[in-house]
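# let's see this in three dimensions:
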Amino acid sequence: MKILSVLLIVFLSVGICNAQNTGVEKSVFNVQTGFLGIWINNESRLSDEVALRAELGFDTGIRGGSLVGSTIVGFSPVLSVEPRWYYNIKTRESKNKFIKNNSASFLTVGIKYNPDWFVISSTKDLSVAEQISFIPKWGIRRSIAKTKFNYELGIGIGKRYLFVSEQWDTVADLHLRIGYSF
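Presented below is the predicted three-dimensional model:
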């Protein structure tokens, strides 16, 4: 009986030690850039298919004028949080596809806050409208050639609240980013 108990414990220990951490990674830090900004974010594992993404970055704003050379470009801070459901990460893994750094398709509801703290621009006294948005999105994230470089594409339509006018309006979100995972 003792031998059977010892064998059972050894067997279970070996099984636990050899078990793979499947699904979403425990923690992934990223730096990403796109046409309209630069961001740093972290995705923390909540379950095998769900991660919580927290992000800090700068969105780019472009305001054009009718005069030559009157186009104004500014960078304003943005904070966002979104729970991501990587709904096909286990399927990709079962087909031996590369899932490192959460390379899978996802559904999310992005919550994004644009404060009116400051704007980085060559024009003085530039400001942004303080706002918060809630946007359900579909997206895809893939590693480039099985490296730490990645690309991400997302699209969604949601609601935005403008604090200055105390109004809600409908907004679209389309992002294409290239980044690096640490």
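# in this protein, where is pLDDT below threshold?
Within the chain, the stretches with pLDDT under 70 are 1-21, 65-69.
# and the most centrally placed residue in it, what does it touch?
Among the residues of the chain, the one closest to the centroid is Arg53, at 5.5 Å (CA atoms, centre = their mean). Neighbour list for Arg53: Asn41, Asn42, Glu43, Ser80, Val81, Glu82, Pro83, Arg84, Thr108 [criterion: CB atoms under 8 Å, 6 or more residues apart in numbering]. From N, CA and C alone the C-beta is placed, and that goes for glycine too.
# again, only using 6 Å
Applying CB atoms under 6 Å, 6 or more residues apart in numbering to Arg53 gives the contacts Asn41, Glu43, Glu82, Arg84.
# and which of these is nearest to Ser181?
In terms of CB to CB, no member of the contacts of Arg53 lies closer to Ser181 than Glu43, at 9.2 Å.
# burial measure for the closest one, as a count.
By other CB atoms under 10 Å, 24 other residues sit near Glu43.
# ok, the one helix or strand it maps to: who's next to it in the sheet?
Using DSSP states H and E, Glu43 falls within strand 37-45. Applying DSSP bridges, strand 37-45 is found paired with strand 27-34 (antiparallel), strand 50-63 (antiparallel).
# run through who's touching it.
Contact with strand 37-45 is made by 24, 26-32, 51-60, as judged by CB under 6 Å, 6+ apart.
# tell me the buried residues in that strand?
Of the residues in strand 37-45, Gly37, Trp39, Asn41, Glu43, Arg45 count as buried by neighbour count, 16 or more other CB atoms under 10 Å.
# equivalent analysis for stretch 94-103, please.
Residues of stretch 94-103 classed as buried: Ile99, Asn101, Asn102, Ser103 (neighbour count, 16+ other CB under 10 Å).
# stretch 82-90 too?
Of all the residues in stretch 82-90, those buried under the rule 16+ other CB under 10 Å are Glu82, Arg84, Trp85, Tyr86, Asn88, Ile89, Lys90.
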